[in-house]
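>>> Starting from these lines, generate the structure:
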Amino acid sequence: MKPKYTPIRTCTGCREEYPKRELVRVVHGLDGSIGVDPTGKQNGRGAYVCRSPECWEKALHGGSLARALKAPISVEDRAGLEMAREQAFATEKLTKGPK
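Have a look, this model is predicted:
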């Protein structure tokens, strides 16, 4: 039996390739807004970022995320992305817990 195909995507922060499900999708929607796409299926141009804080910092403040989305990131959208990033890291810490 053939193994199931796993799509590979590139992080806009570190430029490393990972399976799609390990990355966070950011989408430039048809209405012009930019935000996190938790389902991975929203319409619009998408870009992917690792779950590490360093990659989010590079992607948001280095300009690579805006280039990948082919759209400038407004102050409101940037604040929303940073809030989503903080929530993702808080949730990840809670689920992993102490060793």
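
>>> Mind giving me the packing neighbours of the helix or strand where residue 83 lies?
Using DSSP states H and E, residue 83 maps to helix 75-96. The contact analysis (3 or more C-beta pairs under 8 Å, 6 or more residues apart in numbering; DSSP states H and E) places helix 75-96 against strand 34-37, helix 53-62. C-beta coordinates here come from the backbone N, C-alpha and C atoms, glycine included.

>>> and the ones you listed as CSV, adding mean pLDDT?
Listed next are the helices and strands packed on helix 75-96 as CSV, based on pLDDT from 0 to 100:
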stretch, mean pLDDT
strand 34-37, 92
helix 53-62, 90
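
>>> Serialize those to a markdown table and add fields for distance to residue 16 and mean neighbour count.
Shown next, in a markdown table, are the helices and strands packed on helix 75-96 (distance: least, C-beta to C-beta, whole Å; neighbours: other C-beta atoms under 10 Å):
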| stretch | distance to residue 16 | mean neighbour count |
| --- | --- | --- |
| strand 34-37 | 20 | 18 |
| helix 53-62 | 9 | 18 |
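
>>> Can you add distance to residue 78 and give the ones you listed back as JSON lines?
JSON lines is the format used below for the helices and strands packed on helix 75-96 (distance: least, C-beta to C-beta, whole Å):
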{"stretch": "strand 34-37", "distance to residue 78": "8"}
{"stretch": "helix 53-62", "distance to residue 78": "6"}
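
>>> Return the per-residue confidence for the closest residue to residue 29 other than its chain neighbours.
Distances taken as C-beta to C-beta, 6 or more residues apart in numbering place residue 44 nearest to residue 29, at 4.2 Å, with adjacent residues excluded. Confidence at residue 44, expressed as pLDDT, is 95.
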